[in-house]
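>>> mind looking at a prediction? Sequence and model below.
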Amino acid sequence: MTAPLSVKDFVSGIQGGEISVVENASHIIKEIEKRNPEYNHFNLFDAKNVLQQAERIEKEIKKGRKGKLLGVPVSVKDCICVKGVESRAGAKILSGYKPVFDATAVRKVREEGAIILGKTVQDEFGFGTFSVNVTAGKIPLNPLDKQRSCGGSSGGAAGFTALTQHTHAALAESTGGSIAAPAAFCGVSSITPTYGLVSRYGLMDYASSLDKIGSMGKTIEDASLLLQVISGKDAMDGTSLDSKPFGKENMKGIAIGLPKEFFSAVKNDKLVSEVRKKIDSAKELGAKIVDVSLPLNAEYGIAAYYLIAMSEASTNLAKYCGMRYGFEKPLSGTFNEYFSDVRSEAFGTEAKRRILLGTFARMSGFRDAHYLRAMKARTKLINEFKSAFKKVDLIALPSMPIVAPKFSEIEKLTPLEHYAMDICTVPPNLCGLPHSTIPVGKVKGTDLPSSLMLIADHLQESKLVSFSSALEGLK
Ligand code: GLN
């Protein structure tokens, strides 16, 4: 099977009249109808709706419509609102919730002519690293090996990006690594932007100071095209930034830092060796490789992240009370009884764990000791990265410490072991730094990809994307 056209070539094919939007949409519909029952990447897919969008765009093209994503099928992670389409953030408690508006990111891709394919499966509200904490939809399976996880929480997005034989890009979301982790396990490319580069309007909150919408594709170029479309200031999100940092940069003399603490934390030597090989090849691009040190991030990243993420999640989830959105029960008892009934029945185990821990961490009397302390630690971790970026342009490390695990292995993990898998992805997320992942070689003796993560300073997406794309192109 030949690789599908890149998003850019696909759009010029559409614009030049060589590709029909409707014909292409019907191919991808067929693929999803055939493969999704086996792999569970989508928890909502409406073929009729996809076809209607394609027919409308085709008519508009005849009248001269242009667009950067003309006719391109885009999948949307379940936590990103799509008007009139059930959007549940992977959570049973949102069953039946149909937003009355599009998230800004969705509105922007539609304005560029994209077709919204459907909602991709994720861990409930993004709580997880393996897409096994799913309460709306079925657990997605890795297209490289069905006994293995797609990663999480954007598991459906990465799984489908890897599986599809057609041009496609995915809108995903990351709080602490939910774009990088699944992209790494499924062998696709991804970009998680600087915090604030993409509007969060219409993104269902996990932890508001950490959540970011980003993109995935078969290549960095595809992911970057989608990211460029969705980024920029939005009046609906006061934290969004007025910036579009997407120029082409010269790679000559670029300095790449290897943080030694993270290389020694990753115990799978075969995985590290593929990452190292790819980094060494960067010399061909004129890059120089130097050692850097991020001891605080390696030591305290996970602890600070989980305190902050759970604290913010526990307040963000308070609105799910069985009265305003989604899941309801027949009214009975006092408000408190009804509230507890609904939440006991509809939240999954991991959501309950996080509500309890998060509420505890920010309770009066404990707030200073836990939540505020974690926020202070976060500032120190940001400063540590800032000093590293005085010496280097980008930081390179393995995206994940393991290859995609088997479900039977995940079952044996305690919650703390599960959280520890985020060692590499948490630091850039906690510090709001843009990062990309690219699949590198297959881990020796397996068919599973190893993945390289590159991290840049705030709003240095131009450098990040130019370099990642150049490196990805090296054979
Ligand atoms: N695995 C991390 C967590 O469970 C990150 C998830 C995410 O980025 N949504 O919080």
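Ah, there it is.

>>> okay, which residue of this protein is out on the far edge from center?
residue 333 (40.1 Å; Cα atoms, centre = their mean).

>>> what's the closest non-adjacent residue to that one?
residue 341 (7.3 Å; Cβ to Cβ, 6 or more residues apart in numbering). To be clear about C-beta, it is placed using only N, CA and C from the backbone, and glycine gets the same treatment.

>>> contacting residues for that neighbour?
Contacts for residue 341 (Cβ atoms under 8 Å, 6 or more residues apart in numbering) come out as 322, 329, 332-333.

>>> how does it look with 10 Å?
322, 329-330, 332-333 (Cβ atoms under 10 Å, 6 or more residues apart in numbering).

>>> please apply the same query to residue 314.
Contacts of residue 314 by Cβ under 10 Å, 6+ apart are 207, 351, 354-362.

>>> can you confirm it is in a strand?
No - counting by DSSP: H, G, I helix; E, B strand; the rest coil, residue 314 falls outside a strand, being helix.

>>> figure out how far stretch 108-128 is from the centre of its chain.
Remark: stretch 108-128 is offset 10 Å from the chain centroid, using Cα atoms, centre = their mean, to the nearest Å.

>>> near the ligand, which residues of the protein are found?
Residues of the chain lying close to the ligand (Cβ under 6 Å from any ligand atom) are 126-129, 153, 174-178, 206, 309, 422.

>>> got the confidence number for residue 3?
Reported pLDDT at residue 3 in the predicted model: 88.

>>> tell me which helix or strand it sits in.
Residue 3 is part of no helix or strand when elements are defined by DSSP states H and E.

>>> let me see the contact set for it.
Applying Cβ under 10 Å, 6+ apart, the residues near residue 3 are 165, 167, 218-219.

>>> neighbour-wise, give me the winner out of the residues you listed.
When neighbours are counted by other Cβ atoms under 10 Å, residue 167 leads the contacts of residue 3 with 25 neighbours.

>>> what about the residue nearest to that one when sequence neighbours are not counted, helix or strand, and which?
Distances taken as Cβ to Cβ, 6+ apart place residue 10 nearest to residue 167, at 4.2 Å, with adjacent residues excluded. Using DSSP H and E, residue 10 falls within helix 7-15.

>>> in that helix, what counts as buried?
Neighbour-count burial for helix 7-15, with 16 or more other Cβ atoms under 10 Å as criterion, is recorded at 7, 10-11, 13-15.

>>> quick one: it to chain centroid distance?
On Cα atoms, centre = their mean, the centre of helix 7-15 falls 25 Å from that of its chain.

>>> so which elements touch it?
Judged by 3 or more Cβ pairs under 10 Å, 6 or more residues apart in numbering; DSSP states H and E, the packing partners of helix 7-15 are helix 21-39, helix 47-62, strand 73-77, helix 220-230.

>>> check the ones you listed for me and report the most buried one.
strand 73-77 (a mean of 28; mean count of other Cβ atoms under 10 Å).

>>> output the contacting helices and strands for the following helix or strand past that strand.
Sequence order places helix 104-111 as the next helix or strand after strand 73-77, per DSSP H and E. When contacts are defined as 3+ Cβ pairs under 10 Å, 6+ apart, helix 104-111 sits against strand 73-77, strand 115-120, strand 169-174, strand 212-217, helix 220-230.

>>> in helix 104-111, what counts as buried?
104-110.

>>> where along the stretch 301-450 of the chain do the strands fall?
In the stretch 301-450 of the chain, the segments counted as strands under DSSP state E, counting those that start in this stretch are 394-398, 435-442, 449-456.

>>> tabulate the ones you listed (a markdown table), appending mean pLDDT and mean neighbour count.
Shown next, in a markdown table, are those (pLDDT from 0 to 100; neighbours: other Cβ atoms under 10 Å):
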| stretch | mean pLDDT | mean neighbour count |
| --- | --- | --- |
| strand 394-398 | 98 | 26 |
| strand 435-442 | 97 | 25 |
| strand 449-456 | 98 | 27 |
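
>>> and residue 130, how close does it get to residue 243?
Residue 130 sits at a distance of 33 Å from residue 243 (criterion: Cβ to Cβ, to the nearest Å).

>>> show me where the stretch 251-400 of the chain has helices.
260-265, 269-281, 295-316, 335-346, 349-361, 371-391 (DSSP state H, counting those that start in this stretch).

>>> a markdown table for those helices, including distance to residue 429 and mean pLDDT?
Below are the helices of the stretch 251-400 of the chain laid out as a markdown table (distance: least, Cβ to Cβ, whole Å; pLDDT from 0 to 100):
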| stretch | distance to residue 429 | mean pLDDT |
| --- | --- | --- |
| helix 260-265 | 14 | 97 |
| helix 269-281 | 19 | 97 |
| helix 295-316 | 7 | 98 |
| helix 335-346 | 27 | 95 |
| helix 349-361 | 16 | 96 |
| helix 371-391 | 11 | 97 |
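
>>> winner for burial among the ones you listed?
By mean count of other Cβ under 10 Å, these have helix 295-316 as the most buried, with a mean of 21.

>>> any idea of the angle it forms with helix 349-361?
Angle between the axes of helix 295-316 and helix 349-361 is 100 degrees (criterion: axes from the mean of the first three to the mean of the last three Cα atoms, to 10 degrees).

>>> and helix 295-316, how far out from the chain middle?
18 Å.

>>> shouldn't residue 15 be in contact with residue 65?
Yes - using Cβ atoms under 10 Å, residue 15 makes contact with residue 65 at a distance of 9.5 Å.

>>> and stretch 437-457, end to end?
Stretch 437-457 has its terminal residues 15 Å apart, counting by Cα to Cα, to the nearest Å.

>>> re the thing from before, now for the residue farthest from the centre of the chain: which residues touch it?
By Cβ under 10 Å, 6+ apart, the neighbours of residue 333 are 339-341.
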